[in-house]
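J.: can't give you the sequence, but here's the structure:
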């Protein structure tokens, strides 16, 4: 179904008369209520205009509005936000998510300290040989390891041949997928 000029005029007329989106869709045929609502918004018709010629004197007086019902209040036995004990060591504080605006440098990543020096050396060597692909150049056979800050021009993906069944090349798989025992040992 396409919106012809005639159909748009019918839509505008019925909308101005105060018809509902469902009624307009039924009148036009072959269009859904949501399609009518979308077209109304794209045309900027969302504010209804009245075409009635009745004056305020002809209008019926409105009944006084009822007082709103009081909402039910739930009593909590514990605070919604638990206070952080200032005596608690910083390592035991709950993790907080940081939102960093685009273009700002990222803070040091804790995982970089946990990666073995051999794996880091291998990654540094591989990244010198990387194809430096853009997002649109990636395929199922290219390494999807991101390098750099996505908010800058220097951002790219590795692009080397992936390891079978993994999204990354051999070097980046060594960094991304570490054995469980190695991770467990570092936490102690």
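T.: Good, I have the coordinates. No experiment lies behind these values; they were computed from the predicted model shown.
J.: Report pLDDT for residue 74.
T.: Residue 74 carries a pLDDT score of 64 in this model.
J.: Ok, residue 70 next?
T.: 67.
J.: cool, residue 119 as well?
T.: Looking at residue 119, the pLDDT reads 77.
J.: my guess is residue 122 is in a strand, correct?
T.: No - going by DSSP: H, G, I helix; E, B strand; the rest coil, the assignment for residue 122 is helix, not a strand.
J.: give the contact list for the closest residue in space to residue 135 that isn't next to it in sequence.
T.: Nearest residue to residue 135 in three dimensions, chain neighbours excluded: residue 157, at 7.0 Å (Cβ to Cβ, 6 or more residues apart in numbering). All C-beta atoms are positioned from the backbone trio N, CA, C, and that covers glycine. Counting by Cβ atoms under 8 Å, 6 or more residues apart in numbering, residue 157 touches 132, 133, 134, 135, 137, 138, 142, 143, 144, 145, 146, 147.
J.: Quick check: nearest residue in space to residue 176, chain neighbours excluded?
T.: For residue 176, the spatially nearest residue (Cβ to Cβ, 6+ apart) is residue 168, at 5.7 Å.
J.: picking up where we left off before, now, of the contacts of residue 157, which are buried?
T.: 133, 142, 143, 144, 145 (16 or more other Cβ atoms under 10 Å).
J.: The fourth one reaches residue 169, doesn't it?
T.: No - judged on Cβ atoms under 8 Å, residue 144 makes no contact with residue 169 at a distance of 9.4 Å.
J.: Poorly predicted segments of this structure, please.
T.: Counting by pLDDT under 70, the low-confidence segments of the chain come to 1, 48-65, 67-115, 179-188.
J.: quick check: domain ranges of it?
T.: The record's domain parsing of the chain by automatic domain parsing lists 5-43, 111-187.
J.: What segments of the protein are strands?
T.: 146-147, 156-157 (DSSP state E).
J.: Same list, those, but as CSV with distance to residue 120 please.
T.: Listed next are these as CSV, based on distance: least, Cβ to Cβ, whole Å:
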stretch, distance to residue 120
strand 146-147, 14
strand 156-157, 19
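J.: That concludes my questions; thank you for your assistance.
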